[in-house]
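S.K.: Quick one, what's the 3D model for this:
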Amino acid sequence: NGGVNGTNQGAVFELSPGTGGAWTEKLLWSFSSGAADGGQPLDTLILDAQGNLYGTTLFGGANGDAAFGGYYAGTVFELSPTNSGPWTETILHNFYASATDGYQPYDGLLADTAGNLYGTTFLGGTYLGTVFEIAAAGLPSFAPPASTYIGAQSVSIPSPPPPAGAVIYYTTDGTTPTTSSTKYTAKIAVSVSETIKAFATAPGYPNSAVVTAAYTIQVAVPNVVGDTEAAASTAITGAGLEVGTETLVSSPTVASGDVISETPSAGTSVNSGSAVNLVISSGLAQVAVPNVVGDTQAAATTAITGAGLVVGTVTSQAS
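M.R.: Here you go, the predicted model:
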């Protein structure tokens, strides 16, 4: 009961701790009952990732019946904070006293991991009461999916059902997105490792849960042995650059003092036109790798195994 609009139909409030042990109350919403609002909430609220509140009212809503004294069926409501000023209310469902719907929800709500809401009604349905679900906006999906990739990616977020026209907001800095975050309108360029978080919202629906997609972007390293080979993938970790496996086309006979040279292709990030020397010494190949990150680095020592050359770790002074 209570509230500031004179209808005595109840309120949603916030209590905040202050200095000296005193708490401050703020009324977020005063119910009015009737066709446009619920009345007399009897249970607790739940909170989503964006700070919206969800609950039920015992009375009120658009499906009243004058024969039973007015708007008694009840509602499921959402209260949303604004940047400044009062909170706003959205009625997500108006219960109707019939065999196909419940009415008078005495309890609050539960939410699943997708953002769908669940609750019970005291009356209605085929017999005496119902268990109901309020579907949330559909979960966003990502294409390509979260994974490890060599090179930059262009990530799309297809519009999720339901409903048609849902709006998606996202972040790329690891923070939880809100309706003040970036609105998805075009593919997201992912050139470095980052985490995308997104959710969907639609009028008359609870917000979807926040979906997280972590992308790891690896660097393609040019050839270092002058043979036909797949580009080596690298992962930049701390101050180091881990180089993948280089495979020789043939199995040349190597001896101490032999030198294998290569000139990298023009346009690569490995000092275009510079030679890379593999100097064979005592069964080991000392690989002088040009800078791949523009820094001074130590030569990697590798061991020849069979027809392959396994390249070790190249450490740069600054990455």
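S.K.: Could you point out the longest strand of the chain?
M.R.: Once the chain is assigned using DSSP state E, the strand that runs over the most residues is strand 211-221.
S.K.: partner strands of it, parallel or antiparallel?
M.R.: Paired strands of strand 211-221, with direction, are strand 148-150 (parallel), strand 194-201 (antiparallel), strand 232-234 (antiparallel) (DSSP bridges).
S.K.: Ok, which of these comes nearest Val4?
M.R.: strand 194-201 (28.7 Å; CB to CB). Placement of C-beta: from N, CA and C, glycine included.
S.K.: Okay, buried residues for the closest one please.
M.R.: Buried residues in strand 194-201, counted by 16 or more other CB atoms under 10 Å: Glu194, Thr195, Ile196, Lys197, Ala198, Phe199, Ala200, Thr201.
S.K.: what's the answer for stretch 122-140, then?
M.R.: Quick answer for stretch 122-140 (16+ other CB under 10 Å): 122-125, 129-130, 132, 134, 136-140.
S.K.: Straight-line length of it, end to end?
M.R.: Stretch 122-140 has an end-to-end distance of 34 Å (CA to CA, to the nearest Å).
S.K.: try stretch 108-124
M.R.: Across stretch 108-124, first to last residue, CA to CA, it's 17 Å.
S.K.: residues touching the spatially closest residue to Lys183 that is not a sequence neighbour, list them.
M.R.: Once flanking residues are discounted, Lys183 sits nearest to Tyr169: 5.7 Å by CB to CB, 6 or more residues apart in numbering. Applying CB atoms under 8 Å, 6 or more residues apart in numbering, we find Tyr169 in contact with Pro177, Thr178, Thr179, Ser180, Ser181, Thr182, Lys183, Tyr184, Ala198, Phe199, Thr201.
S.K.: same thing but at 10 Å, please
M.R.: 50, 140, 177-184, 197-201, 207, 210 (CB atoms under 10 Å, 6 or more residues apart in numbering).
S.K.: roughly how far apart are it and Ser156?
M.R.: 15 Å (CB to CB, to the nearest Å).
S.K.: can you check Gly124 too?
M.R.: Using CB to CB, Gly124 is found at 43 Å from Ser156.
S.K.: next one: Thr120
M.R.: 39 Å.
S.K.: between the two, which one's more packed in?
M.R.: Between Thr120 and Ser156, Thr120 has the larger neighbour count (other CB atoms under 10 Å), namely 16 against 12.
S.K.: So what sits opposite that one in the bridge?
M.R.: Val131.
S.K.: wait, it sits on Gly102?
M.R.: Yes: using CB atoms under 10 Å, Thr120 is in contact with Gly102, at 7.5 Å.
S.K.: so what sits against both of these two?
M.R.: Counting by CB under 10 Å, 6+ apart, the residues touching both Thr120 and Gly102 are Gly129, Thr130, Val131, Phe132.
S.K.: now, among the residues you listed, which is nearest to Pro81?
M.R.: Lowest distance from Pro81 to the shared contacts of Thr120 and Gly102 (CB to CB) belongs to Phe132, with 25.9 Å.
S.K.: Quick one: residues contacting the closest one.
M.R.: With CB under 10 Å, 6+ apart, Phe132 has these contacts: 56, 76, 93, 95, 101-102, 105, 109, 117-121, 124-125.
S.K.: now Tyr184
M.R.: 140, 156-159, 167-170, 177, 196, 198, 200.
S.K.: Flag the least confident of those.
M.R.: For those, the weakest pLDDT value sits at Ser159, with 72.
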